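In: After the sequence you'll find the predicted model.
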Amino acid sequence: MSVLLKSTKKQQTADKARTAVSFAVLALFAVVMLFPIYFMFITSLGRPVEAGSANYTLFPRVVTLDSYKFFFDFSPYSLRWIFNSLFIAAVVTVGNVLFAGMAGYAFAKIRFRGSQVFFWLFLGTMMVPYQVIQVPLYMLTVNILKMQDTYAALILPNLCTAYNIFLMKQFTSSIPGEILESAKIDGCGQPRMFARIVAPLSKTVMAVMAITTFMDNWNTFFWPMLITTKEHMKTIQVGLASFRFANTTYFAPMMAGACVAALPMFLLFFCLQRYFLEGVTVGAVKG
């Protein structure tokens, strides 16, 4: 009996040691990941002085919002940049949820000639690096369609992505076919079936699609930089890149702009983090 008790105590001690080591490692990773965000926020609360004369500390000596005022006064289009990013990200998100949702449902539940070929073609586009298509896409948008410096040029290329179609197709494949067959017997057409049955059952995957699409389009930089030349059509990410002066850098106002640009992402994550965690396994549903 005593031997069993000693063995149990040793096991408990070993478990506690493993837990402590795991917690220490995770805490270290958390500090490494959160430190840049903390430093960005602390720096944004400093005075808007030149980078060479700035005093960088881990704890602010003077807390002021002058750097935020400096950032918004830097360009008369600062608020317009934020609006552009919000508008573009919102429209692209709604478009992906609607069009990719319907396309994924069609590939999963509607049998038509060439459906598998088209689906694999869509998947094939995911294998092509994004940078490869930028030159032909730019030539099509600017030289042929004459859409430079327009919302259409910023929205249409991402209005329905292959990844969201794949995500929706994988999830919709798990919906029992008997439910849809019963709806057909009751005289329900495909549009009504999608709106009344498929969409309510797919709220989780649609939420994941909306979150990831909004984040991707809010943070996108390369395409808006290529397609916009006028100040009032830039997004917040491109606007931050233009925050520079001839002979110096104002680091604190730049960090204030970065905080403004990152704020919607923080709000989105903390409000909808449950869907982030659920989204890890959505694409793993067997079709």
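Out: It's in. Numbering: from 1, shown residues only.

In: okay, now the residue nearest to residue 242 when sequence neighbours are not counted: neighbour count?
Out: In this structure, residue 242 finds its nearest non-sequential neighbour in residue 234, 7.3 Å apart by CB to CB, 6 or more residues apart in numbering. Glycine gets a C-beta too; all of them are placed from N, C-alpha and C. Using other CB atoms under 10 Å, residue 234 is surrounded by 24 other residues.

In: got any ranges where the stretch 101-250 of the chain has weak pLDDT?
Out: Counting by pLDDT under 70, the ranges of the stretch 101-250 of the chain that qualify are 244-248.

In: you'd agree residue 82 is up against residue 236?
Out: Yes: assessed by CB atoms under 8 Å, residue 82 is found in contact with residue 236 at 5.3 Å.

In: Find residues that contact each of the two.
Out: Common neighbours of residue 82 and residue 236, using CB atoms under 8 Å, 6 or more residues apart in numbering, are residue 260.

In: What are the boundaries of the helices in the stretch 101-250 of the chain?
Out: 101-109, 115-126, 134-138, 151-155, 162-172, 177-185, 190-193, 199-201, 203-219, 222-227, 236-241 (DSSP state H, counting those that start in this stretch).

In: hmm, who's touching the first one?
Out: If I follow you right, that is helix 101-109. 112, 115, 118-119, 160, 164-173, 175, 177, 180, 194, 198-199, 202, 206, 209, 287.

In: still on that earlier bit, neighbour-wise, which of residue 82 and residue 236 wins?
Out: Per other CB under 10 Å, whichever of residue 82 and residue 236 has more neighbours is residue 236, with 26 against 19.

In: The more buried one and residue 259 touch, don't they?
Out: No: applying CB under 8 Å as the test, residue 236 and residue 259 come out as separate, 11.3 Å apart.

In: ok, how many other residues are close to residue 202?
Out: Per other CB under 10 Å, the neighbour tally for residue 202 reads 24.

In: no no, residue 58
Out: For residue 58, the neighbour count with other CB under 10 Å is 8.
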